[in-house]
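Novice: Next input, structure requested:
(chains A and B)
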Amino acid sequence: MLELQGLTRRFGAVTAVDDVTLRVSNGQMLGVIGRSGAGKSTMLRLINRLAEPSGGRIMFEGTDVTALRGKALRDWRTCAAMIFQQFNLVQRLDVLTNVLVGRLNHRGTLSSLLKLFTAEERALAIRTLDRFDLAEAALQRADTLSGGQQQRVAIARALLQEPRILLADEPIASLDPRNGRVVMDALRRINREDGLTVICNLHTLDTARAYCDRIVGMAKGRVVFDGAPAALTAHMVREIYGMTEDELAEAEAVTSTSVGTLRDPALAIA
Amino acid sequence: MTVATLASPIPRMLAAWEGQRRARRTATLFYTAVMLACLLLAALVSEVRPATLAAGLPRIGEYFWLILPTLRWETLFYGVKVEGSLAFWMYRLDAWALLMLETSQMAALATLMGSAAALVLCFPASRNLMPLAPVTFILVRRFLELFRTVPDIVYALILVWAFGVGPLAGILAIALHTTGALGKLFAEAVENADRRPVDGVRASGGTWLHAVRFAILPQVLPNMLSYALLRFEINVRGASVIGFVGAGGIGQELYTVISFNYYEEVSAIVALIILTVSAIDLVSERLRFRVIGAR
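Specialist: Numbering: from 1, shown residues only, chains lettered A, B, ... in the order given. Sure thing, here's the model as predicted:
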């Protein structure tokens, strides 16, 4: 179980994440929604420890993650893999090397710096790419791929870390609806098939409703809603976004990618 | 709804834009005036006087006239013994070519050594990679500054004293200067690199070295290569001069012929240097396009 206890992060006078307390049980697919600047991204970066908290604690299976340093901290980051809105691949490197970046912390410094990965690791990388229909692209440079393909490469990289948790920071905000759906389906699959806990920041309500077991709504750094998708009433939507769902849908129609329907019914929430 | 919010924003924005333009123009005028004043002051202090300039200019031409070789069309391709032939002008071509080769080798070795040192030092000298160790960052930056602000000829003097007369002192002197200059340029390339791949590598549990190797280096390597090649050309010129203080290469010979007023030899050696640098320019341009274009 992942537990946030009064997690807080301040940037100067601004409190980006304000006293957030959450318990996420293993294997859950959690959607975090809220307006831009509500603190969703900062919260995920705090969990991965890319950002340092100003206060509070993060606990995982009884370990205080916020106290980790050095190798233990890197092990935690490997355990809580992260994917990003802009994919954060190394554009000039080939896809396979990008995926093998997920193995860096599993190898010694010298062998990893020399790109000496084992045959099993290379095979695992190709197999993982193949799960997302990208095995053919393994030797291409990352910048030759479309956004949707790049995000799937990023997911493959995350899976090579053999993580317990996957943190997805606005994974489909830079994608068109079709690619967005492919990526959300991929996240759903690894949640169901690999049993990974997935915490996913989402801009749009429909996507969160369609894919997540549980939704957390954030506004001004605080958690203002926490419950099942069905419990997300019109009143709660106003609370989170400061506008009605219709107004929101209108605003979203011009600004973001909404993925409202599951493509594969077998993956639907039972 | 109030009247103010109903009013069109167009005239308001136009007025604001006009105001901004006027402010920018005033600022441009002001800074141009300040620049001109500084320029005048600098000229006064450094005794740049139009009269001196006018008096001295013809003498530059005089020197060029003196060192010009006497070449005659009828005898241009005759042998070494015939006055007015190219061979007569370049009568010591064999020795000079060897010295020129030595100079190029000095430059090549110094560029290689300096680039390697700069590659190691540029990462700790990049602000974006050293957020947690500002002291290291500042120290490495000052170190690089020290390397490049002291002229290489001064290093050469010191090193000739230590290692004796010869190319080794010259190579080390140029390598030191190259480290300082390239270290700064490399670090700036690193600072301009995209931050996001670094986050990607760090978030998957990679170390600082991993981030440098996998996220930064692939981005900046082509840039570094073109800086290093440019430096190679500069270093050939530098290596030609550094021999003046006894640090090897064609420079020693050039210094001798200049001080003995062997005018035609001066122009012959200068022509050789220009030819060599142009040849290196051409080759390195090709190399750079091959490496960068193919990627």
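
Novice: Where does pLDDT dip in the stretch 51-200 of chain B?
Specialist: Low-confidence segments of the stretch 51-200 of chain B, defined by pLDDT under 70, are absent.

Novice: need the helices for it, in chain order.
Specialist: Assigned by DSSP state H, counting those that start in this stretch, the stretch 51-200 of chain B shows helices spanning B:86-89, B:93-122, B:134-149, B:152-163, B:167-191, B:196-203.

Novice: Whichever helix in chain A runs longest - what's its average pLDDT?
Specialist: The longest helix of chain A (DSSP state H) is helix A:177-193. Mean pLDDT, taken over the full extent of helix A:177-193, equals 91.

Novice: so what strands line up beside the next helix or strand after it?
Specialist: Once the chain leaves helix A:177-193, the next helix or strand it forms, by DSSP states H and E, is strand A:197-202. When pairing is defined by DSSP bridges, strand A:197-202 lines up against strand A:29-33 (parallel), strand A:165-168 (parallel).

Novice: next structured bit after strand A:197-202?
Specialist: Assigned by DSSP H and E, the successor of strand A:197-202 is helix A:205-211.

Novice: Can you work out which other helices and strands pack against the helix or strand just after that following helix?
Specialist: Using DSSP H and E, the helix or strand that follows helix A:205-211 towards the C-terminus is strand A:214-219. Contact analysis of strand A:214-219 by 3 or more C-beta pairs under 8 Å, 6 or more residues apart in numbering or on different chains; DSSP states H and E lists strand A:29-33, strand A:222-227, helix A:234-241 as its packing neighbours. C-beta coordinates here come from the backbone N, C-alpha and C atoms, glycine included.

Novice: Touching the longest one from outside, list them.
Specialist: Where contact means C-beta atoms under 8 Å, 6 or more residues apart in numbering or on different chains, the residues beyond helix A:234-241 that reach it are A:33-35, A:38, A:205, A:217-219, A:224-225, A:244-245, A:248.

Novice: now the angle from it to strand A:214-219?
Specialist: 50 degrees (axes from the mean of the first three to the mean of the last three C-alpha atoms, to 10 degrees).

Novice: Name the residues of the stretch 51-200 of chain A found near chain B, please.
Specialist: A:74-78, A:81-82, A:84, A:86-93, A:97, A:101-102, A:104-105, A:109, A:112-113, A:154, A:157-158, A:161 (C-beta under 8 Å from any C-beta of the partner chain).

Novice: Leaving out the residues flanking it, which one is nearest to the residue nearest the centre of chain A?
Specialist: When C-alpha atoms, centre = their mean is applied to chain A, the residue found nearest the centroid is A:A168 (0.9 Å). Closest residue to A:A168 apart from its sequence neighbours, by C-beta to C-beta, 6 or more residues apart in numbering or on different chains: A:C200 at 4.2 Å.

Novice: likewise B:C122?
Specialist: B:F186 (3.5 Å).

Novice: list the contacts for that neighbour?
Specialist: Taking C-beta under 8 Å, 6+ apart as the test, what B:F186 contacts is B:A118, B:L119, B:C122, B:A125, B:V220, B:M224, B:Y227.

Novice: how near is the first one to B:L76?
Specialist: This means B:A118. Distance of B:A118 to B:L76, given as C-beta to C-beta, to the nearest Å: 46 Å.

Novice: Settle it for me: which of those two has more neighbours?
Specialist: B:A118 (27 against 14; other C-beta atoms under 10 Å in any protein chain shown).

Novice: what number of residues lie near the residue of the stretch 101-250 of chain A found nearest chain B?
Specialist: Going by C-beta to the nearest C-beta, chain B is nearest to A:N105 of the stretch 101-250 of chain A, at 3.4 Å. By the measure other C-beta under 10 Å, the count of residues near A:N105 is 20.

Novice: from memory it sits against A:C79, does it?
Specialist: No - counting by C-beta atoms under 8 Å, A:C79 is not a contact partner of A:N105; they are 9.7 Å apart.

Novice: Show me whatever sits in contact with both of the two.
Specialist: Jointly contacting A:N105 and A:C79 under the rule C-beta under 8 Å, 6+ apart are A:Q161.

Novice: Helices of the stretch 1-150 of chain A, start to end?
Specialist: Under DSSP H, counting those that start in this stretch, the stretch 1-150 of chain A gives helices at A:40-48, A:70-79, A:95-100, A:109-113, A:119-131, A:147-160.

Novice: distance between the ends of stretch A:216-227?
Specialist: 7 Å (C-alpha to C-alpha, to the nearest Å).

Novice: Could you pull out the buried residues of that stretch?
Specialist: For stretch A:216-227, burial by neighbour count (16 or more other C-beta atoms under 10 Å in any protein chain shown) applies to A:V216, A:G217, A:M218, A:A219, A:K220, A:G221, A:V223, A:F225.

Novice: which residues touch that stretch?
Specialist: A:15-22, A:30-35, A:38-40, A:42-43, A:214-215, A:231-232, A:236, A:239-242.

Novice: thinking again about what came up before, can the helices of the stretch 1-150 of chain A go into JSON lines with extra columns for distance to B:F88?
Specialist: What follows is the helices of the stretch 1-150 of chain A, written out as JSON lines (distance: least, C-beta to C-beta, whole Å):
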{"stretch": "helix A:40-48", "distance to B:F88": "75"}
{"stretch": "helix A:70-79", "distance to B:F88": "72"}
{"stretch": "helix A:95-100", "distance to B:F88": "61"}
{"stretch": "helix A:109-113", "distance to B:F88": "59"}
{"stretch": "helix A:119-131", "distance to B:F88": "67"}
{"stretch": "helix A:147-160", "distance to B:F88": "67"}
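
Novice: which stretch in those helices is the model least sure about?
Specialist: helix A:109-113 (a mean of 85).

Novice: Off-centre distance for that helix?
Specialist: 27 Å (C-alpha atoms, centre = their mean, to the nearest Å).

Novice: which strands and helices sit next to that helix?
Specialist: Short answer (3+ C-beta pairs under 8 Å, 6+ apart): helix A:109-113 packs on helix B:208-210.

Novice: Give the next helix or strand downstream of the helix it packs on.
Specialist: Assigned by DSSP H and E, the successor of helix B:208-210 is helix B:217-242.

Novice: Mind listing what's buried along that next one?
Specialist: So for helix B:217-242, counting by 16+ other C-beta under 10 Å, buried means B:217-220, B:222-236, B:238-242.

Novice: And the next helix or strand past that helix?
Specialist: Per DSSP H and E, the helix or strand that comes after helix B:217-242 is helix B:250-259.

Novice: Residue numbers of the stretch 51-200 of chain B in contact with chain A?
Specialist: Residues of the stretch 51-200 of chain B lying near chain A (C-beta under 8 Å from any C-beta): B:D194, B:R196, B:P197, B:D199, B:G200.

Novice: switch to 10 Å and redo it
Specialist: B:D194, B:R195, B:R196, B:P197, B:V198, B:D199, B:G200 (C-beta under 10 Å from any C-beta of the partner chain).

Novice: Check the gap between the closest residue to the third one other than its chain neighbours and B:R195 for me.
Specialist: It stands for B:R196. Closest residue to B:R196 apart from its sequence neighbours, by C-beta to C-beta, 6+ apart: A:N88 at 4.3 Å. Distance from A:N88 to B:R195, counting by C-beta to C-beta: 9 Å.

Novice: And these two? Which one has more around it.
Specialist: Higher neighbour count among A:N88 and B:R195: A:N88, with 27 against 12, using other C-beta under 10 Å.

Novice: The helix or strand B:V270 falls within near chain A at all?
Specialist: B:V270 is part of helix B:263-294, with elements assigned from DSSP H and E. No - Helix B:263-294 lies apart from chain A when judged by C-beta under 10 Å from any C-beta; the minimum separation is 11.4 Å.
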